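> got a predicted structure plus its sequence, pasted below:
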There are 2 protein chains.
Amino acid sequence: MTITITAFEKSPDGDQGLARDTRVRWALEEAGLPYKVRLVSFKAMKEPWHLALHPFGQIPTYEEGNLALFETGSIVLHIAQRHAGLLPDDVDARARAITWMFAATNTVEPPILELQNAVLLERDKSWNNERLPLVKDRVRDRMKQLSARLGNADWLDGDFSAGDLMMVSVLLRLRSSGILDEYANLAAYVARGEARPAYKRAFAAQLEVNKP
Amino acid sequence: MTITITAFEKSPDGDQGLARDTRVRWALEEAGLPYKVRLVSFKAMKEPWHLALHPFGQIPTYEEGNLALFETGSIVLHIAQRHAGLLPDDVDARARAITWMFAATNTVEPPILELQNAVLLERDKSWNNERLPLVKDRVRDRMKQLSARLGNADWLDGDFSAGDLMMVSVLLRLRSSGILDEYANLAAYVARGEARPAYKRAFAAQLEVNKP
C-alpha cells in the first residue's frame, strides 16, 4: 500500500530540516519504505479537509490504505512496530526504546518548545531579556540529566532505535541556541544521528522542497 | 510477576491526584492488575539509585521482573499492549488510540506545562501579570481544536482507550486555571473519565498516601 505523508509547502525554519516531517521521513528511510509527500500551505492546514486528518492543523500526517494517523511520535512508532530497523526484537529492550520516544516528546521537548516560544513569539516583549536565562536554565536541567545518562555510549539503550531517532530530532532544535554544544557527548550523539545514511536521505528530501 | 511503581512520598499538589503516578495507577486499575508502590522523597529522587531507574529524577517508574521503565506514556502503553481494556483489538483503531496518547503528551500537555511554569515558577516575576494571558491563549488554541474534534462524542475515537486516559489526565491539570470549564464538552469529557470506577480507585489510592 502506498504511504503518503504531509509536509510544509515551505518550512518556517527554511532549509534546516527542523519541521517534524523530517522525523517521519527519517523513520521511513531507516525502514527502507518508499513514500509520497503531499505539501500543504499554512492556509490549507487550517481547512476542514486537513483538520479531518490532523485535528490540531499541523504536519505531518500519515496515510496508508484506510489508516490515517497524525502525531510524529505515533507515526514513527507505527512504522517501527511493523518494520525492522527501529526497535529491538527483545520484548523488554523494545519497551525501553519506546520509553525513550516518550522521554523525548514529553520530558525533553517541552522545555525546548518553551524556549522556542520565548525566542519566536516573545522576542519583542519587554521581559524577554530578563526571562530568557530562566527558560534556558530549564532546558539545561534536562540536558545535564540526559548527558549524565548517555555518558560515553553511542545510543541511549544499546543499538540505535526509534527512541534515538526522536531524541536526536528533538535535540537538533537546540543547536541554534548554543546549548547543545555545552554538552559535548550530546553534541556528538546528535552528530552520530545526522551521519546515518537514512537521516541524510531524509534531510536531502526535505531540502529538495525547501531549498533557498 | 509483581509490579512495583514509584510515587511521591508527599505530592506537591497535595491531594488533587495530579502527580503522574495517578495515570499509571489508573491504567493498572483499568487492566485489573495488582501493584505495589514505593514512595520516594524529593531528596531520594535525585540519588543515584533512583536516577538509575529514572534518568530525569522523577516519578513514576515501573518495575516488573527484570524490566524497569520510566515515562508515564511509555508505562501506560506497556500495560495497554499486554492487557485487555485499554486498546482496541482492531490494528488500525489501535494505532489511532496510540496517536491520542502522543497527542496528549506532545501537543496538548506542553502549553499546559508552560502555563504551570508561569503560575508556579514565575509567580513573583515582574512580567507575570502581563505575560500570563498570552500563555493562557496558547493553551486555548489547543483546547479549541480538541473541543472541535471531540464534538458530541463520549471519547476521542470510539470506545474509551489509553488515549483518553492520557488526555483526561493532562486536561485535569487545567481545571484550577478555569480554562477547562470554558469548553463544556471537554469538561464533560474529563468528568466521564473521573467517573470510571478504575479512575476512582486510582484517585483513592493516591489520596490514601497524600491525605491532609
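Now that the structure is in, tell me what you want to look at. Numbers count the residues shown, from 1 in each chain, chains lettered A, B, ... in the order given.
> check which element follows the host helix or strand of residue A:109 along the chain.
Using DSSP states H and E, the element containing residue A:109 is helix A:109-120. Using DSSP H and E, the helix or strand that follows helix A:109-120 in sequence is helix A:128-150.
> tally of neighbours for residue A:43?
Look at residue A:43: counted by other Cβ atoms under 10 Å in any protein chain shown, it has 9 neighbours. Where you see a C-beta, it was placed from the backbone N, CA and C, and this is true even at glycine.
> show the pLDDT at the residue lying farthest from the centre of chain A.
Distance from the C-alpha centroid of chain A peaks at residue A:126, with 31.1 Å (Cα atoms, centre = their mean). Looking at residue A:126, its pLDDT reads 94.
> and the residue positioned nearest the centre of chain A, how far from chain B?
Nearest to the mean C-alpha position of chain A, by Cα atoms, centre = their mean, lies residue A:169 at 3.8 Å. Using Cβ to the nearest Cβ, to the nearest Å, residue A:169 is found at 12 Å from chain B.
> in what helix or strand does that residue lie?
Using DSSP H and E, the element containing residue A:169 is helix A:162-172.
> let me know the next secondary structure element after that helix.
Assigned by DSSP H and E, the successor of helix A:162-172 is helix A:184-194.
> so residue A:6, which of the three states?
At residue A:6 the chain is in strand, as set by DSSP: H, G, I helix; E, B strand; the rest coil.
> just name whatever secondary elements the helix holding residue A:169 is in contact with.
Contacts defined by 3 or more Cβ pairs under 8 Å, 6 or more residues apart in numbering or on different chains; DSSP states H and E place helix A:162-172 against helix A:21-30, helix A:72-82, helix A:91-102, helix A:184-194.
> 6 Å - rerun?
Judged by 3 or more Cβ pairs under 6 Å, 6 or more residues apart in numbering or on different chains; DSSP states H and E, the packing partners of helix A:162-172 are helix A:91-102, helix A:184-194.
> for the ones you listed, give me JSON lines that also has distance to residue B:1 and mean pLDDT.
Output for the helices and strands packed on helix A:162-172, formatted as JSON lines (distance: least, Cβ to Cβ, whole Å; pLDDT from 0 to 100):
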{"stretch": "helix A:91-102", "distance to residue B:1": "12", "mean pLDDT": "97"}
{"stretch": "helix A:184-194", "distance to residue B:1": "33", "mean pLDDT": "98"}
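> those: which one's closest to residue B:83?
helix A:91-102 (13.7 Å; Cβ to Cβ).
> what angle do the closest one and helix A:72-82 make?
Going by axes from the mean of the first three to the mean of the last three Cα atoms, to 10 degrees, helix A:91-102 is angled at 160 degrees with respect to helix A:72-82.
> before we move on, the earlier item: wait, the residue nearest to the centre of chain A sits on residue A:25?
No: using Cβ atoms under 6 Å, residue A:169 is not in contact with residue A:25; the gap is 10.6 Å.
> report how many residues lie close to residue A:48.
Applying other Cβ under 10 Å, we find 6 residues neighbouring residue A:48.
> how close does it get to chain B?
On the measure of Cβ to the nearest Cβ, residue A:48 and chain B end up 10 Å apart.
> cool, and residue A:131?
Counting by Cβ to the nearest Cβ, the gap from residue A:131 to chain B is 6 Å.
> next: residue A:62.
9 Å.
> straight-line length of stretch A:144-156, end to end?
Taking Cα to Cα, to the nearest Å, stretch A:144-156 runs 14 Å from one end to the other.
> quick one: classify residue A:62 as helix, strand or coil.
State at residue A:62, reduced to three classes by three-state DSSP: strand.
> what sits opposite it in the beta ladder?
Here residue A:62 sits in beta bridges with residue A:5, residue A:69, as judged by DSSP bridges.
> thinking again about what came up before, the helices and strands packed on helix A:162-172: which one's closest to chain B?
helix A:91-102 (3.9 Å; Cβ to the nearest Cβ).
> the closest one: which residues count as buried?
Neighbour-count burial for helix A:91-102 flags A:93, A:94, A:95, A:96, A:97, A:98, A:99, A:100, A:101, A:102 (criterion: 16 or more other Cβ atoms under 10 Å in any protein chain shown).
> within reach of chain B, which of the residues you listed are there?
By Cβ under 6 Å from any Cβ of the partner chain, the members of the buried residues of helix A:91-102 lying near chain B are A:95, A:98, A:99, A:102.
> thought the third one was touching residue B:73?
No: Residue A:99 is beyond contact range of residue B:73, at 8.7 Å (criterion: Cβ under 6 Å).
> spell out which parts of chain A neighbour chain B.
When proximity is defined by Cβ under 6 Å from any Cβ, chain A lies next to chain B at A:55-56, A:67, A:69, A:71, A:73-74, A:78, A:92, A:95, A:98-99, A:102-103, A:105-107, A:110, A:113-114, A:127, A:145, A:149.
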